[in-house]
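> Fold the stuff below for me.
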Amino acid sequence: MILDTDVLIWFLRGNEKATKAVAEAIPFSVSIVTYMELVQGMLNKKELSSMKKAFKTMGVNIIPVSEKISLRAAEFVEKYSLSSSMELADALIASTCIEAKETLLTANNKHYKAIKEMKMKVFRP
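Below is the predicted model:
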């Protein structure tokens, strides 16, 4: 399972449902895009250190962007940016899930609804 940024934000904020969902998903993966989005949201080095320690403890696999992932993401942006407002980060996360043959746990399922070949599990906080 790959966890989307929003689920992990809920988790880091202490949301009970997110805490349970994350615990049930261990071991899980994240796209490097999600990791970078989380890092950008950290308020200080202490928060960043805590997140990195939690990821290490949970055995989180951070999936880098490969050539295949980036090419598929470019196709999604070309195909869906005008009709469905597909954004770069979502296209990269979606293509990561498809290339890894994994399901995405997300509360932002509307961001990915245009991509029929993607497997999703919807999270509600």
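
> what about this structure, any weak spots by pLDDT?
Along the chain, the model assigns pLDDT under 70 to no residue.

> Show me the contact partners of the helix or strand hosting residue 96.
Per DSSP states H and E: residue 96 is located in helix 88-100. Helix 88-100 is contacted from outside by 2, 4-5, 29, 31, 33-34, 37, 63, 65-66, 68-70, 72-74, 76-77, 80, 103-104, 108, 111-112, 115, 117-119, using CB atoms under 8 Å, 6 or more residues apart in numbering. (C-beta placed from N, C-alpha, C; glycine too.)

> Could you do stretch 106-117 as well?
For stretch 106-117, using CB under 8 Å, 6+ apart, the contacting residues are 3-4, 6-7, 10, 76, 79-80, 83-84, 86-87, 90, 94, 98, 104, 118, 120-125.

> which ones are touching residue 26?
So residue 26 contacts 58, 59 (CB under 8 Å, 6+ apart).

> What about it? Give its phi and psi, please.
Backbone torsions of residue 26, given as degrees, to the nearest 10, read phi -60, psi 130.

> residue ranges of the helices in this structure, please?
For the chain, the helices defined by DSSP state H occupy 5-12, 16-25, 32-41, 45-58, 67-84, 88-100.

> Can you tell me the number of residues neighbouring residue 57?
For residue 57, the neighbour count with other CB atoms under 10 Å is 9.

> Backbone dihedrals for residue 60, both of them.
Per-residue torsions, residue 60: phi -70, psi 130 (degrees, to the nearest 10).

> So it sits against residue 28, correct?
Yes: with contact defined as CB atoms under 8 Å, residue 60 counts as touching residue 28 (6.4 Å).

> Report the contact partners of residue 68.
Residues near residue 68 by CB under 8 Å, 6+ apart: 95, 99.

> Look up which residues are beta-bridged to residue 30.
Counting by DSSP bridges, residue 30 is bridged to residue 62.

> Now for it: which residues touch it?
Listed by CB under 8 Å, 6+ apart, the contact set of residue 30 reads 2, 3, 8, 60, 61, 62, 63.
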